[in-house]
Every structure is written in C-alpha cells, then in structure tokens.
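[1] This is the structure alone, sequence omitted:
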Ligand code: GDP
Ligand code: IMO
Ligand code: MG
C-alpha cells in the first residue's frame with residue numbers, strides 16, 4: 001500500500017500530529033489536504049516540541065518532501081512565520097511545495113470571522129477567529145484569491161480591489177465597522193506571495209506522479225470528522241470537508257487513490273468551541289482528565305471540553321470517512337483511575353438508536369448508554385509492546401475494537417514519537 005490517509009475521527013485534537021509524524025518516518029511525502037491555521041498539531045521528538053498550524057506534520061520525517069494541497073486555506077503571514085521558526089530550529093524545509101490552487105486567507109476574512117461571531121451572539125460557533133469560514137465562503141462564492149492569483153500582480157490587484165468593495169459594504173453597512181484600505185493590504189500581501197513563490201506549483205500533478213512512481217505518500221487531514229461541514233454536528237463545525245472524500249479533493253487526486261484510512265481517536269473525547277457533545281463530563285472526572293492530559297487548545301489556549309469515548313460518533317465517522325483502521329492516543333491518561341466508561345449507544349426518547357442524529361434538537365435529547373470497565377494503576381508511559389500493557393488496559397482496547405468494529409494499528413502511551421506501540425504496520429495493511 002503506498003497511500004495512507006490519516007483522519008481525525010472525533011472533534012479534532014486526537015493526536016493526528018503525533019501519529020502523522022510517526023508514520024512519516026517511512027513515508028516519502030506528507031501531504032496536507034484541508035483547513036488552515038485553525039489546526040494545531042503537536043509533535044514531540046528528541047526532547048523538542050513543535051506546534052504546526054499550516055506546514056504538514058510529516059515535514060520532520062518524510063524522506064522526500066511535504067505538500068500543502070489545494071484544499072488548504074493559507075494565511076501567508078502565519079505560514080512564513082512557521083517556516084522561519086522551523087528553519088531557525090534546524091529543520092530542513094527545502095522539500096515543501098504549496099498548491100497554486102490553495103486559497104489565501106485575507107485580512108478581511110479574519111475580520112469577517114470576528115464580526116460574524118459577534119453578531120451571532122449566543123449562537124456563535126466558537127471559531128478560532130482565523131478567517132477560515134469566510135475564506136471558504138469566498139471560494140464558494142467564486143471571489144477567492146488563490147496562490148496563483150497572488151503571484152500575478154495585475155490579477156491580484158484587480159481581485160483585491162473588487163473584493164474590498166464588497167467586503168467594505170458589508171463591514172460599514174451591516175456590521176457598522178471601519179472600511180479597509182487597498183494600500184494597507186496590497187503591497188504586504190504581494191510581498192508575501194513573492195517570498196513563497198519558489199515553493200508554489202501544481203501539487204496535484206506532483207502528488208499523482210509520485211504515487212504512480214511507487215512512492216509512499218501520507219495524506220494528512222486536519223480537524224476531525226465530527227467537525228466536517230457536511231457530516232459533522234452542523235452548524236457547530238468547521239468550513240471544510242475533513243472526511244477522506246475531502247482529503248482527495250483537497251489534494252487533487254481521485255478518491256480511489258486512498259485505500260487505507262486510519263481514524264485517529266483518543267481514549268476519551270474532547271471538543272473545543274460550542275456545539276453538542278453527548279458524552280461530555282462536566283464534573284471532577286472531566287477536570288481530572290483535562291489536567292492530566294493538558295487539554296487546553298493548541299491554537300487558542302481555551303480549555304477543551306472533555307468526555308468519555310463515544311462509539312456512536314465513531315461508527316458515524318467510520319461510515320462517512322471510510323475508516324479502515326484505528327490509531328488510539330493518550331491511553332496513559334487512565335493510570336490510577338478506578339474505572340473507565342465507553343458510550344456504546346444513545347437512547348433517544350426511551351429508544352436505543354444506532355445512528356448519529358442530524359437534528360441538534362434530537363441530539364440534545366440523546367442519553368449516552370455506557371459500559372464501565374476497570375482501569376489500571378500501572379504507569380504505562382514506557383510500554384513498548386502490547387504485552388507490556390496491564391490486562392485491564394488490553395481489555396479496554398479490545399472492547400474499543402469491538403464496539404467500533406475496527407482494528408487498532410497503533411496505540412500511543414505518551415506524546416513523544418517513540419511512545420508508540422505498533423500492532424500492525426500501517427504501510428503493509
Ligand atoms: P491534533 O490536532 O490531532 O494533532 O492534536 P493536538 O496536538 O492538538 O492535541 C493532542 C495533544 O495530545 C498534544 O498535546 C499531544 O502532545 C498530546 N498527545 C498525543 N498523544 C499522546 C499520548 O499518547 N499521551 C499523552 N499524554 N499525550 C499525547
Ligand atoms: P486540529 O487539526 C479542534 C473548531 C473550533 C470551532 C469550530 C469552527 O488541531 O484537530 P473554525 O475556526 O474552523 O471556523 O472553527 O471548529 N476547530 C477545531 N477544534 N481541533 C482543530 O483542529 C480545530 N479546527 C477547528 O474550535 O469549534
Ligand atoms: Mg489540534
């Protein structure tokens with residue numbers, strides 16, 4: 001198998017960065033497909049920690065290069081800052097390529113995100129305020145500015161002038177905010193494009209060619225399936241498709257290129273921002289998990305909401321994203337707990353249901369049905385093999401496999417690259 005896709009299978013922050021970096025050790029290319037700097041992917045190795053927003057998490061380990069695909073929305077200032085930090089840290093970034101079709105997050109998109117959230121008041125989504133939604137809105141309304149447009153001075157000028165007229169009408173007349181000036185944006189953004197231009201290419205062609213040549217390619221999704229624009233808990237979602245179908249369109253390859261889809265989960269669930277969360281723990285147990293696992297947002301620093309593992313949400317994710325295998329992270333958090341719960345079904349108005357309701361009204365009436373399993377006392381952060389895990393941890397993992405109907409390929413027992421137990425080689429499935 002030469003193509004492996006990694007998708008978050010909950011509401012993001014499942015540890016995709018960690019597992020992507022680990023899998024990239026034997027990949028030739030790592031390719032990011034969607035989202036923007038709303039993502040925050042943590043990578044730990046050799047005593048160092050990196051927090052990636054736009055650059056693929058596979059950049060540290062992939063042999064030949066990494067790619068930012070056409071489905072990613074790029075804040076060039078953030079990208080340049082991230083690249084500078086990597087370079088100063090001695091990381092080789094020379095193999096990075098950026099799609100000429102990727103859309104640019106403009107200053108008016110960031111402001112629109114902020115104003116829209118303010119206007120929604122109690123109904124706000126709790127976005128990261130990075131302009132992600134408005135940039136995808138511009139793309140869908142056919143007024144987006146792509147990387148190739150940013151590089152053509154006259155095209156960029158014409159598009160920016162046109163867009164600013166529209167956006168300034170919106171800002172001044174609807175939101176009663178100040179207008180933006182062309183001069184304050186044009187030179188700065190054109191200069192960003194010039195700094196990035198040597199990396200810009202038709203990445204769909206590049207990725208297709210290297211797959212044809214037999215290279216190992218890792219597709220890395222951002223966010224999680226439950227934040228998918230179509231299949232997540234709409235409207236409390238992000239604005240891109242995070243499922244494997246979205247990965248194919250966000251990289252510019254046929255969906256049939258992807259045969260292995262690794263769904264990443266934690267041994268529990270978290271969510272940042274607003275929206276339904278049936279297994280949420282608002283008690284001491286939730287606080288305990290949050291503190292042990294440092295569940296605070298990588299991007300915004302917000303405390304993450306914490307809950308038990310939700311197999312109903314996972315089975316939904318598995319169906320819509322075509323998940324074939326499972327990577328489970330942060331198993332180490334439950335050392336010292338007496339018991340651990342897994343939600344196996346929901347009860348809606350007294351009936352057990354086995355689907356994920358589309359209606360938020362229905363979803364808020366759902367009661368999780370739990371199984372309670374004994375936890376373990378041992379510290380497992382040094383475990384290297386399945387046999388090193390306590391029997392109760394093994395039983396918990398086997399139960400997760402059964403209720404999700406999905407086999408585990410990796411188990412993570414700590415944030416470091418090496419704190420990973422491999423049950424099956426993901427490149428030989
Ligand atoms: P991503 O967005 O899916 O890449 O995940 P984040 O990086 O936002 O959040 C996952 C957090 O869990 C990070 O702080 C990781 O360092 C950490 N992490 C990942 N795997 C493990 C693990 O097995 N054990 C522990 N304790 N932390 C982990
Ligand atoms: P990674 O890749 C967790 C959430 C936001 C908010 C909603 C919409 O690190 O897993 P947006 O700024 O995208 O318009 O916000 O989506 N969100 C994430 N939550 N992890 C992420 O990325 C997220 N990216 C967006 O908190 O609820
Ligand atoms: Mg994250």
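    Structure received. A quick note: this is a predicted structure, and the numbers were derived from the prediction, not measured. Ligands and ions are numbered 1, 2, ... in the order given.

[2] Low-confidence bits of the protein, can you list those?
    1 (pLDDT under 70).

[3] one more time with 90
    Scanning the chain with the threshold set as pLDDT under 90 gives 1, 259, 273, 297-302, 354, 428-429.

[4] contacting residues for residue 264?
    6-9, 14-16, 19, 327, 329 (CB atoms under 8 Å, 6 or more residues apart in numbering). From N, CA and C alone the C-beta is placed, and that goes for glycine too.

[5] How much space separates it from ligand 2?
    Residue 264 is 9 Å from ligand 2, where distance means CB to the nearest ligand atom, to the nearest Å.

[6] looking at this, that residue is in a strand?
    Yes - assessed by DSSP: H, G, I helix; E, B strand; the rest coil, residue 264 belongs to a strand.

[7] Can you give me the distance of it to residue 426?
    As judged by CB to CB, to the nearest Å, residue 264 and residue 426 stand 11 Å apart.

[8] now residue 331
    From residue 331 to residue 426 the distance is 18 Å (CB to CB).

[9] Show me what from the protein comes close to ligand 2.
    Neighbours of ligand 2 within the chain, by CB under 6 Å from any ligand atom: 8, 11-13, 35, 38-41, 125-128, 130, 132-133, 222-224, 227, 238-239, 272-273, 298.

[10] who in this protein is up against ligand 1?
    8, 12-18, 40-42, 44, 293, 298, 329-330, 332, 412-415.

[11] Sort out which of the residues you listed are in helices and list them.
    Among the residues of the chain next to ligand 1, the residues falling in helices (DSSP state H) are 16-18.

[12] Please pick the buried ones from the residues you listed.
    16-18 (16 or more other CB atoms under 10 Å).

[13] quick one, what contacts the spatially closest residue to residue 305 that is not a sequence neighbour?
    Nearest residue to residue 305 in three dimensions, chain neighbours excluded: residue 271, at 4.7 Å (CB to CB, 6 or more residues apart in numbering). Residue 271 makes contacts with 10-12, 226, 277, 280, 304-305, 307, as judged by CB under 8 Å, 6+ apart.

[14] next one: residue 247
    5, 7, 33-34, 71, 219, 221, 258.

[15] can I get the residues you listed in TSV with distance to ligand 3, secondary structure and neighbour count?
    Below are these laid out as TSV (distance: CB to the ion, whole Å; DSSP: H, G, I helix; E, B strand; the rest coil; neighbours: other CB atoms under 10 Å):
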residue	distance to ligand 3	secondary structure	neighbour count
5	17	strand	27
7	13	strand	31
33	15	coil	29
34	13	coil	29
71	18	coil	27
219	17	strand	32
221	12	coil	33
258	22	coil	22
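
[16] now, which of these sits nearest residue 357?
    Ranked by distance to residue 357 (CB to CB), the contacts of residue 247 are led by residue 7 at 21.6 Å.

[17] For the strand ranked longest in the chain, what is the distance to the chain centroid?
    Counting residues, the longest strand found in the chain (DSSP state E) is strand 339-348. Mean-position distance between strand 339-348 and its chain equals 25 Å (CA atoms, centre = their mean, to the nearest Å).

[18] For it, buried residues please.
    Applying 16+ other CB under 10 Å to strand 339-348 flags 340-346 as buried.

[19] go on, stretch 139-155?
    139, 144-151.

[20] Narrow these to those in helices?
    Per DSSP H, the buried residues of stretch 139-155 map to helices at 139, 147-151.

[21] Kindly indicate which of the residues you listed lies nearest ligand 3.
    residue 139 (22.8 Å; CB to the ion).

[22] Correct me if wrong: residue 129 contacts residue 109.
    No - counting by CB atoms under 8 Å, residue 129 stays clear of residue 109, with 10.5 Å between them.

[23] Tell me which of those two has more neighbours.
    Between residue 129 and residue 109, counted using other CB atoms under 10 Å, the more crowded position is residue 109 (26 against 16).

[24] what's that one sitting at in phi/psi?
    As for residue 109, its main-chain torsions (degrees, to the nearest 10) stand at phi -70, psi -40.

[25] before we move on, what about residue 421?
    The phi/psi pair for residue 421 (degrees, to the nearest 10) is phi -100, psi 120.
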